[in-house]
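Enquirer: the following block contains a protein sequence and its predicted model.
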Amino acid sequence: MLKGGYWGKILWVDLSSKKISEATFDEAFARKYLGGVGLATRIVSEHVTRNTNPLGPGNVLVFATGPYQAANIASAGRCSCAARAPLSGYWGEANAGGHIGPELKRAGFDAVVITGRAANPVYLWINDGKAEIRDASSLWGLDAVETTAALKESVDAKAAVSCIGPGGENLVRFACIANDNHGYFGRGGMGAVMGSKNLKALVIRGTLKPPIADEGKLREVYKDVLSRAKDAPFTKDNAEHGQASAVVPREENGLLPMKNFTMDNWTEGAAKIGAPHFTEELQIKRWPCPSCIMGCHRRITNPKYFPADTGGPEFETLGMIGSNLLIDDLGAIVRANEMANRYTIDTIDLGGVLGWAFECYEHGLITKEDTDGIALEWGSGDALVKMTEKIARREGIGNLLAEGLRACVEHIPGTQLYAQESLGQTVGAHDPRAFWGQTITTIASTRGGCHLHGFAEAFDLGALLPEIGITEGTDRFDVAKKGYAGAIYQDIQQFWNSLTWCFFYFFSGVTLADQVNMLNAITGWDVTPAEAQKMGERIVCMQQVFNLNMGMVPEKENVMQERFTKPHKEGGAAGKVPPWQAILQEYWETKDWTKGVPSKAKLAELGLDKLEAKKALSDAVARDYKKD
């Protein structure tokens with residue numbers, strides 16, 4: 001019996017047949033898959049095969065909450081979204097802030113699963129245990145800001161709205177999903193999956209009270225956690241400057257991407273787009289997720305930069321469409337970020353494909369004839385803004401760039417060096433040469449290029465996990481335990497993404513023990529930190545098996561990008577290259593995977609005996625799937 005944290009209900013919506021139904025689950029299921037991305041992994045793995053077209057009606061799109069969304073606690077304004085990724089053909093997931101997670105839980109469901117394809121544009125209205133498919137023909141073509149305003153006015157002003165703009169409608173393979181103009185399901189192309197289903201939006205309103213097993217215990221534990229988090233330096237810095245505070249120090253230590261990861265220093269440029277100039281110039285105000293005490297999302301109030309109706313640029317955006325393109329024009333970055341948010345396209349992949357295009361232009365492989373007269377010159381804010389529009393609309397060369405980096409390299413052979421990707425997805429704004437702990441996150445994330453799928457950079461920074469034996473870190477350029485840390489932090493990150501929980505609080509002194517104590521108070525369980533790690537390991541293993549069954553060859557895919565095998569000559573990471581093969585081997589050994597394939601013993605240990613890890617054929621490719 002579920003005591004707290006869950007309703008035990010999953011809403012199923014088949015857009016093709018217009019059938020709406022419910023599925024239920026019990027406590028054993030909840031404790032095995034937890035929620036959020038764990039629950040989504042279980043569902044997608046069961047219903048998606050190698051022949052499922054990511055942009056076809058057979059793909060399964062899941063929005064899932066975890067037990068934390070049952071409680072009004074800081075860090076719980078999150079939700080997970082997953083499907084087979086149109087960008088890679090492999091596992092796809094995104095995690096976002098905003099109201100959708102808490103609102104879905106209060107509406108009486110732990111998750112919503114969407115299959116099929118509507119004949120015409122629709123939106124899904126979910127309200128206190130009920131759901132309805134409604135016509136959205138009048139909304140098709142509107143951007144995310146316009147769509148959100150229209151739905152709040154016509155349906156419920158207090159509802160959470162998760163929607164797509166033209167990027168999702170046009171099936172840009174890295175299209176994202178906007179949540180109340182505030183948070184974004186950014187990675188993997190989940191917005192394209194919505195667009196392929198003719199699903200414009202989810203509108204969710206809930207007034208139900210989710211069950212909590214021991215409210216008194218939760219208040220006791222949370223009071224102590226909140227007190228420590230409020231006093232943490234990271235909390236205060238994040239509240240004042242948001243993620244822009246990381247730009248200058250990350251340039252100094254060599255982590256920041258500069259000129260598509262080829263430049264060593266960009267000191268003056270970093271100062272122009274990072275804090276404190278960012279905060280002062282844009283006249284920033286906090287824009288917190290529900291119950292959050294940090295408010296790292298930024299609201300721009302300087303009218304000089306209007307329209308600014310969506311969240312201002314965060315670190316990844318400042319890095320990937322700013323320093324990565326050598327653009328120090330804050331106005332251009334803000335404008336392109338606003339466009340990307342409205343059109344719903346991921347700014348990390350936007351920066352990745354433009355980095356490739358700018359470098360091709362530099363070497364004469366792309367000319368003005370290809371770009372409709374736009375000069376793709378490093379530092380050009382004008383080129384950034386115009387190309388953002390072209391990609392979202394799939395106009396001209398934007399149609400190619402909208403397909404992602406692997407399609408770009410196929411179009412211009414010999415340009416792999418310019419494409420910083422893993423499994424077809426652009427790596428984040430974190431150069432692994434600066435923090436070797438990022439090696440596994442860079443090359444062996446189950447969702448492809450990523451900075452968060454096991455943020456072992458934390459290990460290098462001294463954010464440790466003593467509850468499960470990680471009591472001291474190592475120097476960022478010391479190979480010792482980097483593969484081991486990559487494996488364990490990956491497990492813990494997926495535990496967090498299943499609670500679901502904002503991991504920024506980890507840097508504000510909220511420990512794994514704290515997280516488990518709050519989980520137990522909410523659910524009535526007796527989970528230990530070791531079990532929490534095992535929950536995360538199970539989820540990662542399921543995702544790896546999914547990728548293998550989709551055709552992934554780990555020995556071919558889990559390879560360091562060529563650019564990162566050459567050292568910087570100057571700067572904070574000068575002369576440093578991570579020994580990625582040794583780190584990867586240690587990672588596989590820690591996981592009990594043979595060349596990326598989980599052993600039968602490991603599957604049995606994790607209770608995944610029924611999963612079959614089929615090693616792909618040597619000639620398998622990511623997009624080897626048929627149309628539905």
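Expert: Happy to help now that I have it.
Enquirer: with adjacent residues omitted, what lies nearest to residue 341?
Expert: Once flanking residues are discounted, residue 341 sits nearest to residue 310: 3.8 Å by C-beta to C-beta, 6 or more residues apart in numbering. Just so you know, the C-beta spots here come from the backbone N, C-alpha and C atoms, and that holds for glycine as well.
Enquirer: I meant to write residue 500 there.
Expert: residue 36 (3.8 Å).
Enquirer: OK, contacts around the one you found?
Expert: 64-66, 78-80, 95, 497-500 (C-beta atoms under 8 Å, 6 or more residues apart in numbering).
Enquirer: make it 6 Å
Expert: Contacts of residue 36 were listed using C-beta atoms under 6 Å, 6 or more residues apart in numbering, and they are 64, 66, 80, 497-498, 500.
Enquirer: show me how far stretch 105-115 is from its chain's centre.
Expert: Computed by C-alpha atoms, centre = their mean, to the nearest Å, the chain-centroid distance of stretch 105-115 equals 20 Å.
Enquirer: start and end of that stretch, how far apart?
Expert: Length of stretch 105-115, first residue to last, C-alpha to C-alpha, to the nearest Å: 20 Å.
Enquirer: just the mean pLDDT for that stretch, thanks.
Expert: Averaged across stretch 105-115, the pLDDT comes to 98.
Enquirer: pLDDT weak spots in this protein?
Expert: For the chain, the stretches with pLDDT under 70 are 612-628.
Enquirer: for the residue sitting nearest the centre point of it, helix, strand, or coil?
Expert: For the chain, the residue nearest the mean C-alpha position is residue 94 (3.8 Å; C-alpha atoms, centre = their mean). Classification of residue 94 using DSSP: H, G, I helix; E, B strand; the rest coil returns strand.
Enquirer: ok, now residue 162?
Expert: Reduced to three states by three-state DSSP, residue 162 is strand.
Enquirer: for it, give its distance to residue 184.
Expert: 10 Å (C-beta to C-beta, to the nearest Å).
Enquirer: tell me which of those two has more neighbours.
Expert: Remark: of residue 162 and residue 184, residue 162 carries more neighbours, 32 against 29, as counted by other C-beta atoms under 10 Å.
Enquirer: which residues does the more buried one contact?
Expert: Counting by C-beta under 6 Å, 6+ apart, the residues that residue 162 touches are 100, 177, 179, 202.
Enquirer: residue 196: which of the residues you listed is nearest?
Expert: residue 177 (12.8 Å; C-beta to C-beta).
Enquirer: strands of the stretch 251-400 of the chain, start to end?
Expert: In the stretch 251-400 of the chain, the strands defined using DSSP state E, counting those that start in this stretch lie at 284-286, 298-300.
Enquirer: now the stretch 501-628 of the chain
Expert: So, for the stretch 501-628 of the chain - with DSSP E, counting those that start in this stretch - the strands run 593-594, 597-598.
Enquirer: re earlier: can you redo the strands of the stretch 251-400 of the chain as TSV with mean neighbour count and distance to residue 215?
Expert: TSV is the format used below for the strands of the stretch 251-400 of the chain (neighbours: other C-beta atoms under 10 Å; distance: least, C-beta to C-beta, whole Å):
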stretch	mean neighbour count	distance to residue 215
strand 284-286	16	28
strand 298-300	23	33
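Enquirer: now do the SS call for residue 212.
Expert: coil.
Enquirer: can you get me a residue count around it?
Expert: With other C-beta under 10 Å as criterion, residue 212 counts 21.
Enquirer: domain parsing for the chain?
Expert: The chain breaks down into these domains under automatic domain parsing: 9-205, 233-418, 436-508+528-605.
Enquirer: so which of these comes closest to residue 514?
Expert: domain 436-508+528-605 (8.7 Å).
Enquirer: show me where the stretch 1-150 of the chain has helices.
Expert: 27-33, 36-47, 100-106, 144-154 (DSSP state H, counting those that start in this stretch).
Enquirer: what's the answer for the stretch 401-550 of the chain, then?
Expert: Under DSSP H, counting those that start in this stretch, the stretch 401-550 of the chain gives helices at 405-411, 439-443, 457-461, 482-499, 512-523, 529-550.
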